[in-house]
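*Asks:* pasted the sequence and its predicted model underneath.
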Amino acid sequence: MDQSNISNKEISIQVSLSGFSFNGSPWYPAERVFTMPELQRRYDKVEISLLTPKVALVPDAFLNPSGARQALAEVVSLRDTDLVETIPVPSLGATLVYSNSLDESLSRALSQTVLTTSGEQARVLPEMYYLLRALDSLPDYNKIVASWYGGYLHLVIAQGKSLCLANVYLAPDFTTAEYFLFLGLKRLQLNPEVSTAHFRTPLDLEQEMSLYRYFKSVVQL
């Protein structure tokens with residue numbers, strides 16, 4: 001295969017405690033990082049997300065930069081050693097406060113292995129950031145974006161330009177993930193029959209067909 005054509009493609013990698021997926025692929029165990037040819041190339045654009053549940057979206061008007069850790073500690077359990085970081089979400093006038101401290105090294109290994117064409121390392125960002133960013137590209141009025149893997153459902157719901165929900169739920173199986181998904185829709189009085197469910201993480205056929213029983217459409221981003 002022509003390496004020059006491969007090098008100018010983009011790659012999007014999602015990481016959990018139990019493995020990784022890239023560009024919608026199935027999940028692979030951590031030991032495959034150094035043997036997969038797709039991860040030994042350079043790309044014009046590299047995105048790496050970690051499915052961390054330690055996130056909080058805070059309106060800019062209420063966020064004191066020095067109080068980011070406190071803001072996150074109010075909604076998730078933090079250890080003294082957890083590193084807290086922030087990234088702005090200008091389209092929402094808010095800042096995502098997060099911690100990637102999950103006692104894992106896979107995301108760091110990937111950022112050091114999969115480089116851009118200029119040799120730069122990609123910053124590892126929380127999966128929630130990419131869910132929020134995806135809202136801008138969806139034409140639907142009811143915008144539903146989710147990721148599920150590693151025991152957590154990451155869910156964002158918006159109507160038009162108004163963000164209605166951004167949360168992470170403990171969901172050890174897909175049935176539980178569906179429960180929280182439909183609970184969120186019910187509380188917001190959104191009808192799944194006229195809505196499209198967008199998933200950033202790969203779905204197997206059984207999961208996809210289960211969602212199709214309720215939603216107008218199911219799309220893998």
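*Replies:* Okay, I see it. Everything numeric here is computed off the predicted structure, so don't read it as measured data.
*Asks:* hey, let's count contacts and neighbours off CA atoms from now on
*Replies:* Fine.
*Asks:* residue 190: neighbouring residues, count only.
*Replies:* Under the neighbour criterion other C-alpha atoms under 10 Å, residue 190 is assigned a count of 15.
*Asks:* which element, helix or strand, includes it?
*Replies:* Taking DSSP states H and E as the definition, one finds residue 190 inside no helix or strand.
*Asks:* nearest residue to it in space, please, no chain neighbours.
*Replies:* Closest residue in space to residue 190, ignoring its immediate chain neighbours: residue 142 at 7.7 Å, by C-alpha to C-alpha, 6 or more residues apart in numbering.
*Asks:* in this structure that neighbour contacts residue 161, no?
*Replies:* No: assessed by C-alpha atoms under 8 Å, residue 142 is found out of contact with residue 161, at 9.7 Å.
*Asks:* domains in the chain, by residue range?
*Replies:* The chain is divided into the following domains under automatic domain parsing: 1-52+102-122, 55-98, 128-221.
*Asks:* and these, which one averages the lowest pLDDT?
*Replies:* In terms of mean pLDDT, the lowest-scoring of these is domain 1-52+102-122 (a mean of 89).
*Asks:* could you measure the residue nearest to residue 190 against residue 193, distance?
*Replies:* Distance, residue 142 to residue 193, by C-alpha to C-alpha, to the nearest Å: 11 Å.
*Asks:* again, but for residue 32
*Replies:* Residue 32 is 39 Å from residue 193, by C-alpha to C-alpha.
*Asks:* let me see the ranges of the strands in the chain.
*Replies:* 10-16, 19-22, 45-50, 55-59, 85-89, 94-98, 124-126, 142-149, 152-159, 162-170, 196-199, 217-220 (DSSP state E).
*Asks:* would you list those strands in TSV and tack on distance to residue 134 and mean neighbour count?
*Replies:* Converted to TSV, the strands of the chain look like this (distance: least, C-alpha to C-alpha, whole Å; neighbours: other C-alpha atoms under 10 Å):
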stretch	distance to residue 134	mean neighbour count
strand 10-16	13	21
strand 19-22	17	20
strand 45-50	13	22
strand 55-59	15	21
strand 85-89	11	16
strand 94-98	15	22
strand 124-126	13	22
strand 142-149	8	24
strand 152-159	10	23
strand 162-170	12	16
strand 196-199	9	22
strand 217-220	12	15
